[in-house]
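Asks: sequence and computational prediction follow.
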Amino acid sequence: MDEATLRIGDTELALPTLEGTMGERAVDISALRKETAYTTFDRGFGNTAETKSSITFIDGEAGILSHRGYSIEDLATKASFLEIAYLLIEGELPTVTELATFEAAILHEATTTTA
């Protein structure tokens, strides 16, 4: 990936660039304070990614919140609790057959008692 250069007075700092989950580009400023004693100011964190994630995407300005490519709004309104549990564990929503198997396993564990 490319590199960005930040100049503060006579000091130049090379900063690595990254590519986000949805292809957006970012400048990694994690060394800024250590190297320059400066910090950044980003009111409301509108231009700040808190962490690098390959599974979650957030774009507040566009109203996008997704997990593994699925809209959180769609998951909340169209998927069952167990479908979402399967997604969190397996990384994909289940097929009808996978969901039936998963539901049976959950039911078995929920009704099994130990002495």
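Replies: Nice, thanks for sending it over.
Asks: check what contacts stretch 53-68 and list those residues.
Replies: Applying CB atoms under 8 Å, 6 or more residues apart in numbering, the contact partners of stretch 53-68 are 20-22, 46, 71-73, 75, 87, 91-92. For glycine as for every other residue, the C-beta is placed from the backbone atoms N, C-alpha and C.
Asks: got the end-to-end distance for it?
Replies: Terminal residues of stretch 53-68 are spaced 10 Å apart (CA to CA, to the nearest Å).
Asks: buried residues, it. List them.
Replies: Using 16 or more other CB atoms under 10 Å as the test for burial, stretch 53-68 gives 57, 66-67.
Asks: again, but for stretch 19-27
Replies: Buried positions in stretch 19-27, judged by neighbour count with 16+ other CB under 10 Å: 21, 26.
Asks: so how far is residue 14 from the residue nearest the centre of the chain?
Replies: When CA atoms, centre = their mean is applied to the chain, the residue found nearest the centroid is residue 56 (2.5 Å). For residue 56, the distance to residue 14 (CB to CB, to the nearest Å) stands at 29 Å.
Asks: what of residue 42?
Replies: 21 Å.
Asks: helix or strand: which one has the closest residue to residue 90 other than its chain neighbours?
Replies: What sits nearest to residue 90 in space, not counting adjacent residues and going by CB to CB, 6 or more residues apart in numbering, is residue 98, at 7.9 Å. Using DSSP states H and E, residue 98 sits in helix 96-111.
Asks: on contacts alone, who are the packing partners of that helix?
Replies: Applying 3 or more CB pairs under 8 Å, 6 or more residues apart in numbering; DSSP states H and E, one finds that helix 96-111 contacts helix 81-90.
Asks: domains in the chain, as residue ranges please.
Replies: Following the assignment in automatic domain parsing, the chain carries domains at 1-43, 53-115.
Asks: I'd like these written out as TSV, with mean pLDDT added.
Replies: Listed next are the domains of the chain as TSV, based on pLDDT from 0 to 100:
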stretch	mean pLDDT
domain 1-43	89
domain 53-115	91
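Asks: picking up where we left off before, tell me what the residue nearest to the centre of the chain is bridged to.
Replies: residue 67 (DSSP bridges).
Asks: give me the contact list for stretch 86-106.
Replies: Residues from elsewhere that reach stretch 86-106, judged by CB under 8 Å, 6+ apart: 55, 67-68, 70, 75, 79, 82-83, 85.
Asks: cool, thanks, signing off.
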